[in-house]
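K.L.:
requesting a structural model of the entry that follows:
(chains A, B, C and D)
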Number of protein chains: 2
Amino acid sequence: MPLTRDDVVREAVEVIDANGLAGLTLRGLAKRLGVSAPTLYWHVTDKRHLLDLVAENVLAELPARRAPAEGEPVLDWLADGIRVRRAALLAHRDSVLVVAGNRPTEDALPEIERTIAALVGAGLAPGEAVQVLTALGSFLLGDVLETQAALDRPPGDVRPPHTEYPHLVAATEGFGDDDERFETGLALMLDGLRARLATRAAPGSAAT
Amino acid sequence: MPLTRDDVVREAVEVIDANGLAGLTLRGLAKRLGVSAPTLYWHVTDKRHLLDLVAENVLAELPARRAPAEGEPVLDWLADGIRVRRAALLAHRDSVLVVAGNRPTEDALPEIERTIAALVGAGLAPGEAVQVLTALGSFLLGDVLETQAALDRPPGDVRPPHTEYPHLVAATEGFGDDDERFETGLALMLDGLRARLATRAAPGSAAT
DNA sequence: GCGAGTCCCTAACGCTGTTAGAGGCATGCG
DNA sequence: CGCATGCCTCTAACAGCGTTAGGGACTCGC
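P.N.:
From the prediction side, this is the model:
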């Protein structure tokens, strides 16, 4: 059975997961597939193209998203979607470097539309809803980027405690892990959003 | 006058600004400096090392930060610091790719200490303060990453409007520019932080 | 005068993405 | 049956990359 494009993409994902994005070479990938390097150019136009397909493949792992359930708070539903995305990104090494810069794929549009609809339904202006959604996306991207970057450089990263910085020392103790740090940031944004929605839905409970 | 390490780093920054990180090659950089490629290894141990120095150089452009003025709201002061950082990152192409993964430099510590101190003074636990600060940093990084990635891929990026997605269409109209999008996200996080501080400073104005 | 240190050079190695061009192998058509 | 057409793969090779080996000037302190 001949090699398919999907075989190539899947193997590329495995290589990246194992060796990082920098560890992905066409020759190495070809060898793993039992094929010579130029052969890959029959299945894929470019390395850049291959990476686009890899990004698509990673994002396609996201489970299809349900609409918010009846009576379910919109913000809870929103937070859940972000957590799912974060998990998907964290599941693949260097995922941010691969995914960043990709405009949303055609088939991601329905979900974006649905999410914006939910936010508009909650009281946001359409443009505002997109801004809020993008901001959440930026935070997600930055968080995963830092988390994965920290994983790449662990050797001897312990710094001698500087007693001259008392707050910093105190902080490193009650800091928590990556998930906790993420949840703190997410809570911040959602709380801000909640406050904003409150001023929209009930503009003073008296005026207008 | 012989070449100095600073000459090399400064020229590297210029090359990245002009041609992007991928456009930086040691041979090209050497030619611009009127020198052969291996000569660079006299001034710098590695390309990786050079990039570390570039990152340091970019971050060093940040103006020394003052402590919050008497009576100045801490959150305003905090927001200002973030805006300054964003401007510095946006001023250099691919800055996120260069800077990401660098643990804070030794001489960034005093400022971090000062910021944490301000947040703790406002009512946060030390660990919490670091989490909040990191979250703001993640958002900043993600925002700049997306902004710069969008700049790298502008050719024919206009998508035909899909009338099947009414909210999306409505949203693209009132969307605003990059700065506005950033300010929306920043406001979200700061509002969330404000709400959190309110519960700390005055824990119920009745209980406890 | 001379060793040490500084700053630069040419030559070359192994790797990368990528192209040129050819060949085998199945299928469908005359 | 013979033959052409697509599919899938190959070897050979190119230019460019980061990097190393080794050497050669030129300046300083002794």
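K.L.:
downstream neighbour of the worst-scoring helix or strand of chain A on mean pLDDT in the secondary structure list?
P.N.:
Scoring the helices and strands of chain A by mean pLDDT, DSSP states H and E places helix A:166-173 at the bottom, with a mean of 72. Counting by DSSP states H and E, the next helix or strand C-terminal to helix A:166-173 is helix A:178-201.
K.L.:
on the three-state scheme, residue A:8 is what?
P.N.:
Following DSSP: H, G, I helix; E, B strand; the rest coil, residue A:8 is assigned to helix.
K.L.:
and the gap between the nearest residue to it once chain neighbours are set aside and residue B:64?
P.N.:
In space, and not counting its chain neighbours, residue A:8 is closest to residue A:43: 5.0 Å by CB to CB, 6 or more residues apart in numbering or on different chains. Glycine gets a C-beta too; all of them are placed from N, C-alpha and C. To residue B:64, residue A:43 is 54 Å away according to CB to CB, to the nearest Å.
K.L.:
neighbour count for the two, which is higher?
P.N.:
Taking neighbours as other CB atoms under 10 Å in any protein chain shown, residue A:43 and residue B:64 compare with residue A:43 leading, 19 against 6.
K.L.:
quick one, what contacts that one?
P.N.:
A:3-5, A:8 (CB atoms under 8 Å, 6 or more residues apart in numbering or on different chains).
K.L.:
pull out the buried members of the residues you listed.
P.N.:
When those are checked for burial by 16 or more other CB atoms under 10 Å in any protein chain shown, the buried set is A:3, A:8.
K.L.:
so which of the contacts of residue A:43 would count as near DNA strand D as well?
P.N.:
For DNA strand D, the contacts drawn from the contacts of residue A:43 by CB under 7 Å from any atom of the strand are residue A:3.
K.L.:
go through the contacts of residue A:43 and name the one nearest DNA strand D.
P.N.:
Nearest to DNA strand D, judged by CB to the nearest atom of the strand, of the contacts of residue A:43 is residue A:3 at 3.6 Å.
K.L.:
quick one: that closest one and residue A:98, what's the gap?
P.N.:
Separation of residue A:3 from residue A:98 (CB to CB): 22 Å.
K.L.:
let's have the contacts of residue A:43 in a markdown table, adding secondary structure.
P.N.:
Below are the contacts of residue A:43 laid out as a markdown table (three-state DSSP):
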| residue | secondary structure |
| --- | --- |
| A:3 | coil |
| A:4 | coil |
| A:5 | helix |
| A:8 | helix |
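K.L.:
now, which of the contacts of residue A:43 sits nearest residue A:111?
P.N.:
Set against residue A:111, the nearest of these by CB to CB is residue A:5 (24.8 Å).
K.L.:
mind checking how far that closest one is from residue A:87?
P.N.:
Distance of residue A:5 to residue A:87, computed by CB to CB: 26 Å.
K.L.:
list the buried residues of stretch A:107-121.
P.N.:
Here stretch A:107-121 shows A:112-120 as buried, counting by 16+ other CB under 10 Å.
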